[in-house]
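In: this is a predicted model, with the sequence first.
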Amino acid sequence: MKITKDTTLAEIMQKESAKAILAKHRVPCLTCPMAQFELQDLKIGDVCKMYGIDLKKLLEDLNKISPSKK
């Protein structure tokens, strides 16, 4: 699965190794209790825009994850 700006956090979080990358880029939704209710609707592009995170670099790192690694 290629991760794009329209991929939801719920889809990304299915890969265990993605959590470390999201944390490295300081995506706050990982620890936000309210975000847990919205993961299905939160698109990574929108999250990056809201928090000033470099979307291009984050997508590069996330898409380096091998599809076999969960």
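Out: Sure, I can see it.
In: show me the contacts for the nearest residue to residue 5 once chain neighbours are set aside.
Out: Residue nearest to residue 5 in three dimensions, not counting chain neighbours: residue 45, with 2.9 Å by C-beta to C-beta, 6 or more residues apart in numbering. Every C-beta, even on glycine, is put in place using the N, C-alpha and C of the backbone. Contacts for residue 45 (C-beta atoms under 8 Å, 6 or more residues apart in numbering) come out as 4-6, 55.
In: ok, now residue 65?
Out: 15, 17-18, 21.
In: 7 Å instead?
Out: 15, 17-18 (C-beta atoms under 7 Å, 6 or more residues apart in numbering).
In: from residue 37, how far out is it?
Out: 25 Å (C-beta to C-beta, to the nearest Å).
In: go on, residue 3?
Out: 22 Å.
In: comparing the two, which residue is more hemmed in?
Out: In this view residue 3 and residue 37 are compared by other C-beta atoms under 10 Å, and residue 3 has more residues nearby, 20 against 10.
In: buried residues in stretch 23-33, which are they?
Out: Neighbour counts over stretch 23-33 (16 or more other C-beta atoms under 10 Å) mark 25, 27, 29 as buried.
In: out of the residues you listed, who's nearest residue 60?
Out: For the buried residues of stretch 23-33, the residue nearest residue 60 by C-beta to C-beta is residue 25; the value is 10.5 Å.
In: the nearest residue to residue 63 once chain neighbours are set aside: what secondary structure?
Out: Closest residue to residue 63 apart from its sequence neighbours, by C-beta to C-beta, 6+ apart: residue 3 at 5.5 Å. What DSSP: H, G, I helix; E, B strand; the rest coil gives for residue 3 is coil.
In: so where's this protein uncertain?
Out: The chain contains residues with pLDDT under 70 at 66-70.
In: tell me where it has helices.
Out: 9-12, 16-24, 44-51, 55-62 (DSSP state H).
In: with distance to residue 33 as added columns, please give those in CSV.
Out: What follows is those, written out as CSV (distance: least, C-beta to C-beta, whole Å):
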stretch, distance to residue 33
helix 9-12, 14
helix 16-24, 16
helix 44-51, 16
helix 55-62, 22
